[in-house]
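Visitor: any chance you can model this:
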Amino acid sequence: WVVTWWQNTMKPAVLRKVTRPLLVVIDYADSRPEKVRDVILAALARSTTVPVRVLLLARSAGDWWERLGDQDAHLEMALYGAVVEELAPLEDTLAGRQAAFEEALTDLADAMEHRNWPHVPVADVPRPDLRADRFTGPGAALTLQMTALAGLLGDTPEPGVPVEEIILKHERRYWKQTAAEHRVDLADETLQRAVAVAALCSATDERGACTLLAHTPGLGDQSEDMRLRTARWLRDLYPPPSPLPDPHPAAPASSGAYWGSLQPDRLAEHLITRTVTKRPDLLTGLLSATSPDQDHQALTVLSRASATHSDLSPVLVDLLAALPVLALPAIGVATQSEHPAPLVTALTHLIESDHLSVDQLAVIADAVPQQTQALARFAADLQNKITAVYARMADQEPDAYLPGLAGALNNLSVRLGELGRREEGLAAVQRA
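Guide: Numbering: from 1, shown residues only. Coordinates of the predicted model:
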């Protein structure tokens, strides 16, 4: 049996009752380490000797992987000797890419014919130069397939125009068509923002979906009825993942999500980048009314998008400046991200802004893991900032703030030691 974990489609406790050999595949493992931990511990606690194996798919094996076994000896033992394998490019030769492109054209054309979708004959689709960098670097397989789809749709990417833009152009036509069927009479830009919001934040029910839409530019001043129709349109447009069957159900199965998202991820990330760079207030308005889980999801999506869209970096800086409460989920996401630099930059700008009290800075410092590569320098800079604030206050009121300064210096010495700056760390602890 093979079970693929997606969002909250099955309870980990089910693994204790398996009666056949089982392979569990957890996608996006880097963004859900708690789920990974629960699944592995449930597999370890099963009452049978039936073998269970867990395959984790992630964009990187960063801080989240290093810390996965922390706080549980059984989990640490289970992970001992686990193999981390970096996937190589699917096709690393020109001939292989050419064959893959032809296969993609044929398969996509067959699927379009099956659904009676008009398309350009395969023989008439222009063949791109598959020696170009975009077909050899990260994400090359998806670029190749999207380029094949664009060709079948009758579009050839112009130089400098990402293929995602072409696919989105056709997707927008579909939005307009289906929106009309749902009596959602909104401007094209508003439809785009609604799709972007659904890709940024999941909702557990219709009420939560309408709440998100109420904080979306262009929908906030609409009637409740229009927001309800828009929520149902999005749900039909991008349905949530179907729940997996539970062999021992205690309650009706639920996918845990009201709507799904535009796929593939890269297309959604491109749309989100276009949307929030035009309307940065969409993020500040939306994330002022979200739950911690929604904040984590939105920052995860933005972090992934910022890896290929550099114009998102200043947006993240402004977002954390406007909503400092997002610093805590941003720290969690940064330790799981393949490209944490944009979030680390936003966090650094936040603590350097002098807008936060020493107590607020201390809360952020407490949220940074003790063992972290992604945030090691940030943690030292943050602790240095806290130390400097306590030093100024201790100069004016020694009896009140010298203990705080001593504690800050001690913490600073630890963070400096983790960076290998041992002499500075020794000086800090001696001063403490």
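Visitor: start and end of stretch 121-132, how far apart?
Guide: End-to-end distance for stretch 121-132, by Cα to Cα, to the nearest Å: 24 Å.
Visitor: now stretch 110-120
Guide: Start and end residues of stretch 110-120 are separated by 12 Å (Cα to Cα).
Visitor: do stretch 327-342 as well
Guide: Note: stretch 327-342 ends 13 Å apart using Cα to Cα.
Visitor: buried residues in that stretch?
Guide: Buried residues in stretch 327-342, counted by 16 or more other Cβ atoms under 10 Å: 327-337, 339-340, 342. Just so you know, the C-beta spots here come from the backbone N, C-alpha and C atoms, and that holds for glycine as well.
Visitor: closest one of these to residue 386?
Guide: residue 327 (13.8 Å; Cβ to Cβ).
Visitor: ok, the closest one touching residue 320?
Guide: Yes. Between residue 327 and residue 320 there is a contact at 6.1 Å, judged by Cβ atoms under 8 Å.
Visitor: which neighbours do those two share?
Guide: 347, 350 (Cβ atoms under 8 Å, 6 or more residues apart in numbering).
Visitor: okay, and which of the buried residues of stretch 327-342 map to helices?
Guide: Counting by DSSP state H, the buried residues of stretch 327-342 place 327, 328, 329, 330, 331, 332, 333, 334, 342 in helices.
Visitor: with those residues in mind, which one is nearest to residue 70?
Guide: residue 332 (14.2 Å).
Visitor: let me know the distance separating the closest one from residue 69.
Guide: From residue 332 across to residue 69, the span is 18 Å (Cβ to Cβ, to the nearest Å).
Visitor: same deal with residue 357?
Guide: 35 Å.
Visitor: neighbour-wise, which of the two wins?
Guide: Between residue 357 and residue 69, counting by other Cβ atoms under 10 Å, residue 69 is the more crowded of the two (18 against 9).
Visitor: how about residue 149: what's its closest non-neighbour residue?
Guide: Once flanking residues are discounted, residue 149 sits nearest to residue 108: 5.5 Å by Cβ to Cβ, 6 or more residues apart in numbering.
Visitor: please apply the same query to residue 99.
Guide: residue 91 (7.7 Å).
Visitor: next: residue 417.
Guide: residue 425 (4.2 Å).
Visitor: assign a three-state SS to that neighbour, would you?
Guide: Following DSSP: H, G, I helix; E, B strand; the rest coil, we place residue 425 in the helix state.
Visitor: so which residues of the stretch 1-150 of the chain form helices?
Guide: Remark: helices assigned in the stretch 1-150 of the chain by DSSP state H, counting those that start in this stretch are 33-44, 63-66, 73-79, 94-114, 140-152.
Visitor: who touches stretch 419-432?
Guide: 376-377, 380, 387, 405-407, 409-410, 412-417.
Visitor: could you list the low-pLDDT ranges of the protein?
Guide: 1-10, 47, 242-256 (pLDDT under 70).
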